[in-house]
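Asker: okay, sequence plus prediction incoming.
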Amino acid sequence: MRAILIALLMSGWAFTAAADALDDAVTAYSRGDYATALRLLWPLADQGHAIAQAQLGHMYLKGEGVPKDDVEAVKWYRKAADQGLAGAQYNLGLMYAKGEGVAENDAEAVKWYRKAADQGLAMAQTNLGLMYAKGEGVAENDAEAVKWYRKAADQGLAEAQSNLGKMYGNGEGVSQNDVQAYLWFNLAAAQGNAIAKKNKAIVEKKMTREQIAEAQKLSAEWRPKE
């Protein structure tokens, strides 16, 4: 029993020490002290800490404290992604979509976007919707594009809201509806999305006063879903 207790205490200490080291690494990184951040991140990443691995991938991608190396970025993103870290899965999907550090492969991009999207990561949901809208790495399917745009739009992501507005405006994957198009363009435009602002002005010209009033009411009442 005493041996088990000691083991548990040591495990708890190790977890706390790793968390403290990660916090210190993040602090160092935020102030631009990449050397310190790397010194703290390396042992954590080697021990399998997913967040540390993902951060190393980011630093290789940006060339922060290390020479820019997309192959190394992919390597570390993959290690974290394989452990289920949504942010790393999304970034790995981006690398495949852009062909950075790995051969361009839209199907692989879709695979990793979906893993992150299923965990609720809004940017991954948006990109997955875009892949469906364009038919890249997956069969073109506007209804699926709308589905994933909506999940991200409901979280308040401006890009997804703008894309969803476009689908409603054009009647792609959903019934054409100017009120809904205005609603989503308006929400995105309020966050500074220039494309949504432009499209909002276009759709507004086709709407009646009553439709505009309804869309504005919906905008005022809208709240992000948790």
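Answerer: Looks like it came in fine.
Asker: make it CA atoms for all contacts and neighbour counts henceforth
Answerer: Fine.
Asker: buried sites along the helix or strand hosting Ile202?
Answerer: Element membership for Ile202, per DSSP states H and E: helix 194-204. For helix 194-204, the neighbour count (16 or more other CA atoms under 10 Å) marks Ala196, Lys197, Asn199, Lys200, Val203, Glu204 as buried.
Asker: centre of the chain to it, how far?
Answerer: Chain-centre distance of helix 194-204: 24 Å, with CA atoms, centre = their mean, to the nearest Å.
Asker: which residues does that helix contact?
Answerer: Outside helix 194-204, the residues within contact range by CA atoms under 8 Å, 6 or more residues apart in numbering are Ser162, Gly165, Lys166, Gly169, Asp178, Ala181, Tyr182, Phe185, Asn186, Ala188, Ala189, Ile212.
Asker: could I have the CA atoms of that helix written out in CSV?
Answerer: Taking Å, rounded to 0.1, in the frame of the first residue of the first chain, the C-alpha atoms of helix 194-204 are listed here in CSV:
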residue,chain,number,x,y,z
ALA,A,194,-15.1,42.6,-45.2
ILE,A,195,-16.6,40.0,-47.6
ALA,A,196,-19.6,39.7,-45.4
LYS,A,197,-20.1,43.4,-45.3
LYS,A,198,-20.0,43.6,-49.0
ASN,A,199,-22.4,40.7,-49.5
LYS,A,200,-24.8,42.1,-46.8
ALA,A,201,-25.1,45.3,-48.9
ILE,A,202,-25.8,43.3,-52.0
VAL,A,203,-28.5,41.1,-50.5
GLU,A,204,-30.1,44.1,-48.6
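Asker: any idea which helix or strand comes after it?
Answerer: Beyond helix 194-204 toward the C-terminal end (DSSP H and E), the next one is helix 209-221.
Asker: who are the packing partners of that following helix?
Answerer: On a contact count with 3 or more CA pairs under 8 Å, 6 or more residues apart in numbering; DSSP states H and E, helix 209-221 meets helix 178-189.
Asker: how far off centre is the host helix or strand of Tyr132?
Answerer: Following DSSP H and E, one finds Tyr132 within helix 122-134. In this view, helix 122-134 has its centroid 10 Å away from the chain centroid, taken as CA atoms, centre = their mean.
Asker: contacts for that helix, please.
Answerer: Outside helix 122-134, the residues that touch it by CA under 8 Å, 6+ apart are 90, 110, 113-114, 116-118, 137-142, 144-149, 151-153, 155, 157, 159-160.
Asker: could I get the buried residue list for that helix?
Answerer: So, applying 16+ other CA under 10 Å, buried residues of helix 122-134: Ala122, Met123, Ala124, Gln125, Thr126, Asn127, Leu128, Gly129, Leu130, Met131, Tyr132, Ala133.
Asker: could those residues go into CSV alongside pLDDT and distance to Leu41?
Answerer: Shown next, in CSV, are the buried residues of helix 122-134 (pLDDT from 0 to 100; distance: CA to CA, whole Å):
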residue, pLDDT, distance to Leu41
Ala122, 98, 27
Met123, 98, 25
Ala124, 98, 25
Gln125, 98, 29
Thr126, 98, 30
Asn127, 98, 29
Leu128, 98, 30
Gly129, 98, 34
Leu130, 98, 34
Met131, 98, 34
Tyr132, 98, 36
Ala133, 98, 38
